[in-house]
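# The following comprises the amino acid sequence and a computationally predicted model.
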There are 2 protein chains.
Amino acid sequence: MLVPPSRGRYAKGVERREQIIQTATDVFATEGFEGTALRRVAELVGVRESTLFHYFGTKQELLTAVLEERDRRAHRDLGGEGGDMVSALPAVARSNAAQPGLTTLYAVASATASATDHASHEYFHNRFKAVVDNAARDIAARQEAGTLRTDLPAVVLARLLVAASDGLQLQWMYDKTLDMARDLDSLATTLFARPAVPNNQ
Amino acid sequence: MLVPPSRGRYAKGVERREQIIQTATDVFATEGFEGTALRRVAELVGVRESTLFHYFGTKQELLTAVLEERDRRAHRDLGGEGGDMVSALPAVARSNAAQPGLTTLYAVASATASATDHASHEYFHNRFKAVVDNAARDIAARQEAGTLRTDLPAVVLARLLVAASDGLQLQWMYDKTLDMARDLDSLATTLFARPAVPNNQ
DNA sequence: GTCTATATTAAGATAGAC
DNA sequence: GTCTATCTTAATATAGAC
């Protein structure tokens, strides 16, 4: 990311890299992160532990790669760029509900990495900024189009939308019968709706 | 709990118990939970480690006691029972922002304890239920009083309010310049406001 | 003042990190 | 394999009921 390799990665390396991330995703999602030794991941991939460290210098770095890959997939699955985030969040929630292990992994990591010296701190810091900014851009566009309330700044609505998303996820982790997508949809469509001009009082 | 003590706790024991919780609160809030040995807490209290284990069977149990005491205090500081939760949350947020360590401790623990076999799982499960129920009761009362929108069920609004609260806290952990209280106030007063009856369109 | 539950500690087993 | 932190067990000191 910082220094591009002078020769580029060999095809085999790229593939192995993906394979490790995929396996680590499964293992971390199933057995947790803290409690799991990289040995498990290495065994399932069919390589030595040292091979893992060749690709990812530390266990935390591998975790960050897993989370980044999750982001990339979510992004891909929900169609391209920044647009339409308000209506996309319920779908994201539905997808997350279908992957309890991975979703919990994200939640735990996001809370744990808040210490500034934590290895994944920068990742989450940037992620929150990017997600809120994206949402704000989308919301601002809708406000200009007249389909969203304008009595609060787009950034505030964006923060609240993202916050509700993460907060509902936490509640869902303790009660899997909760329908995050439904509640988020209520927020996005009903609460964010443009209030009618008052006719009296 | 199962067998009630035949004689009850001595005054000395009650006091020491409180002292341990207070010290553990400071230590965990400052140095974290995972990374901290109970030895540190014992030293600061001025007792042996085994004394800690006499009062709290496990480290997790001590953590749960710390979190419960935090709840009790927050409850006390904001005046009595369930009422007025909607307008109280911004104040809670302000109070939390003034205690970054303790707030982070709660956030990390709440995400970590979601596994059903985790020692603090039941505590958080009950807590979420109680907090959302309280909020829902308050919101329902305001809906009947005509001061809150009625186009969404009280429970949904309650879940969203609590979710926004926890979610904003997470964002704040990565950007301490965020004003959680202000955003929460916008949610509670503006978004939850009763929409006017439309006059046209 | 005696008695026994509770408070405290000492010593060591176990498990996990490095 | 070594080291450190968590937890157990058992034994001693002390508070407070009677």
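Yep, that arrived. Numbering: from 1, shown residues only, chains lettered A, B, ... in the order given.

# Okay, now the unreliable bits of chain A?
Across chain A, the ranges flagged by pLDDT under 70 are A:1-13, A:79-83, A:198-201.

# max-length helix in it?
Criterion DSSP state H: the longest helix present in chain A is helix A:121-145.

# which residues does the spatially most central residue of chain A contact?
In chain A, the centroid-proximal residue (CA atoms, centre = their mean) is A:Asp71; its distance is 5.0 Å. The neighbourhood of A:Asp71, defined by CB atoms under 8 Å, 6 or more residues apart in numbering or on different chains, consists of A:Arg127. Every residue, glycine included, has its C-beta placed from N, CA and C.

# helix, strand or coil for it?
helix (DSSP: H, G, I helix; E, B strand; the rest coil).

# can you tell me how far it sits from B:Val108?
Per CB to CB, to the nearest Å, A:Asp71 is found 21 Å from B:Val108.

# again with A:Leu168
Taking CB to CB as the measure, A:Leu168 falls 19 Å from B:Val108.

# between those two, who's got more neighbours?
The neighbour count for A:Leu168 versus B:Val108, taken as other CB atoms under 10 Å in any protein chain shown, is higher for A:Leu168 (28 against 22).

# That one contacts A:Met180, doesn't it?
Yes. At 4.4 Å, A:Leu168 counts as touching A:Met180 under the criterion of CB atoms under 8 Å.

# in what helix or strand does A:Leu178 lie?
Here A:Leu178 sits in a region with no helix or strand, counting by DSSP states H and E.

# burial of it, as a residue count?
A:Leu178, neighbours per other CB under 10 Å, totals 20.

# That one: what's its closest spatial neighbour, skipping adjacent residues?
Nearest non-adjacent residue to A:Leu178, counting by CB to CB, 6 or more residues apart in numbering or on different chains: A:Trp172, 4.6 Å away.

# tell me the SS of that neighbour?
Classification of A:Trp172 by three-state DSSP places it in helix.

# so how many other residues sit close to it?
Neighbour tally, A:Trp172, other CB under 10 Å: 25.

# do the same with A:Gln143
19.

# quick one: contacts for it?
Applying CB under 8 Å, 6+ apart, the residues near A:Gln143 are A:Arg149, A:Thr150, A:Ala154.

# For the last one, give me its contacts.
Taking CB under 8 Å, 6+ apart, we find A:Ala154 in contact with A:Ala136, A:Arg137, A:Ile139, A:Ala140, A:Gln143.

# Would you enumerate the residues in contact with the fourth one?
Counting by CB under 8 Å, 6+ apart, A:Ala140 touches A:Ala154.

# what's the spacing between the residue nearest to A:Leu178 and DNA strand D?
Distance, A:Trp172 to DNA strand D, by CB to the nearest atom of the strand, to the nearest Å: 28 Å.

# How about chain A: which residue is closest to DNA strand D?
A:Ala37 (11.2 Å; CB to the nearest atom of the strand).

# Count residues in the vicinity of the residue lying closest to A:Val86 once chain neighbours are set aside, would you?
Excluding the flanking residues, the one nearest A:Val86 by CB to CB, 6+ apart is A:Ala188, at 5.0 Å. If you count neighbours by other CB under 10 Å, A:Ala188 ends up with 22.
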